[in-house]
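Asker: Dropping the sequence and predicted coords here.
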Amino acid sequence: MLTDKRKSTTAKTTKVRKFSLVVYQRYHQVNRGLSTMIMVAGLLLIAAVILLRFFRPRVFSGDPGLLLLAGAILFAFGLARYLLTALFSRLAYVQCTPRNVKIQTPLMPVVFSYKRITGTRPTALRDVFIPEKQKGMRRRMLEEVWGETVIVVELKGYPMSKRWLRTIMGPLLLTPSGTGFVLLVKDWMGLNRQLADYQEQWRARTSKSVAPAQRGYYRSL
């Protein structure tokens, strides 16, 4: 009896937290080098045009404005790319609340109820995404976090079509086989505790709502 009360109190007092998704942080880390190179290329083009125009004016037979514009576009594109991936890394998180689980992606939130969850388990990232099977950008994003632990949330069904989820979330948040989400966060133990606490709270709440209905049904017989 005391144990049940303690568990109930723990579930009710669980503080809602936002756990940043490491996948989007890795996306920024992998892409920032290329973004910086594009910015530097734009600046170098602008500097070269200005210096040549000043010291070697005969090099340009016409107006160098197009080259300056190209350099400015390159710099602006690299800067926008850098800032956008940095923003994505800050915006993306997973959050457990008493009613549901919210995965905030850079494009839109994905929300699902505890009723959909069939199980949660911590496991090594390399056991979910086999290193030998990963190629290109996906491998570059994961190669520094193979040894990390992820939380796999197994579901009865996705809250929307899997194709649409892959479009807005990318493939690294979905289990390669089966139905579920792969959540890579720094504090995986904290996320695992919150999922367990709120699932327990949800079960207690739903069992209380079902019991009176059953009593009323038997009385009517």
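Answerer: Noted; the coordinates are in hand.
Asker: how about the strands of this protein, start to end?
Answerer: 18-20, 93-96, 100-104, 109-113, 117-124, 149-155, 180-183 (DSSP state E).
Asker: what does the fifth one contact?
Answerer: Read it as strand 117-124. Strand 117-124 is contacted by residues 101, 146-156, 188-189, 192, 195-196, 199 when judged by CB atoms under 8 Å, 6 or more residues apart in numbering. For the C-beta atoms, the positions are set from N, CA and C on the backbone; glycine is no exception.
Asker: Would you mind checking those residues for buried ones?
Answerer: For the contacts of strand 117-124, a burial check counting by 16 or more other CB atoms under 10 Å picks out 101, 150-153, 155, 188, 192, 195, 199.
Asker: and of those residues, the nearest to Val49?
Answerer: Nearest to Val49 among those is Val150, at 48.8 Å by CB to CB.
Asker: and the strands of the chain as a markdown table, adding distance to Gly42 and mean pLDDT?
Answerer: Shown next, in a markdown table, are the strands of the chain (distance: least, CB to CB, whole Å; pLDDT from 0 to 100):
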| stretch | distance to Gly42 | mean pLDDT |
| --- | --- | --- |
| strand 18-20 | 31 | 95 |
| strand 93-96 | 32 | 96 |
| strand 100-104 | 32 | 95 |
| strand 109-113 | 35 | 95 |
| strand 117-124 | 41 | 94 |
| strand 149-155 | 38 | 97 |
| strand 180-183 | 37 | 97 |
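Asker: Make a markdown table from those strands and add distance to Ala72 to it.
Answerer: Listed next are the strands of the chain as a markdown table, based on distance: least, CB to CB, whole Å:
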| stretch | distance to Ala72 |
| --- | --- |
| strand 18-20 | 34 |
| strand 93-96 | 35 |
| strand 100-104 | 34 |
| strand 109-113 | 36 |
| strand 117-124 | 46 |
| strand 149-155 | 42 |
| strand 180-183 | 41 |
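Asker: Packed most tightly, which of those strands would that be?
Answerer: Each of the strands of the chain was scored by mean neighbour count; the highest is strand 180-183, a mean of 22, by mean count of other CB atoms under 10 Å.
Asker: out of the strands of the chain, nearest to Asn31?
Answerer: strand 18-20 (17.1 Å).
Asker: Now tell me what touches the closest one from outside.
Answerer: By CB under 8 Å, 6+ apart, strand 18-20 touches 89-90, 92-95, 104, 183, 185-187, 190-191.
Asker: Tell me how far that strand lies from the chain's centre.
Answerer: Chain-centre distance of strand 18-20: 9 Å, with CA atoms, centre = their mean, to the nearest Å.
Asker: what lines up beside it in the sheet?
Answerer: Partners of strand 18-20 in the sheet, by DSSP bridges, are strand 93-96 (antiparallel).
Asker: now the strand it pairs with, how far from the chain's geometric center?
Answerer: Centroid separation for strand 93-96 versus its chain: 9 Å, with CA atoms, centre = their mean.
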